[in-house]
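Asks: sharing a model prediction with you, sequence too.
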Amino acid sequence: MLDVETMLKDKPYLQVRYAKLKQGSRRFLIG
């Protein structure tokens with residue numbers, strides 16, 4: 001299991017991508 005939070009602390013630009021990814025996957029799961 002990846003420690004995502006630690007990884008994101010090192011890479012702020014990934015935080016934005018990750019947030020968008022979570023939003024997108026949530027939208028995808030809902031319909």
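Replies: Noted; the coordinates are in hand.

Asks: from the centroid of this structure, which residue is nearest?
Replies: Taking C-alpha atoms, centre = their mean, the centroid of the chain lies closest to Tyr18, which sits 2.0 Å from it.

Asks: so which elements touch the helix or strand where Val16 lies?
Replies: Following DSSP states H and E, one finds Val16 within helix 12-30. If contacts are counted by 3 or more C-beta pairs under 8 Å, 6 or more residues apart in numbering; DSSP states H and E, helix 12-30 sits against helix 4-10. All C-beta atoms are positioned from the backbone trio N, CA, C, and that covers glycine.

Asks: so which elements touch the helix it packs on?
Replies: Using 3+ C-beta pairs under 8 Å, 6+ apart: helix 4-10 touches helix 12-30.

Asks: got the contact list for stretch 2-16?
Replies: Tyr18 (C-beta atoms under 8 Å, 6 or more residues apart in numbering).

Asks: what are the buried residues along the helix holding Val16?
Replies: Buried positions in helix 12-30, judged by neighbour count with 16 or more other C-beta atoms under 10 Å: none.
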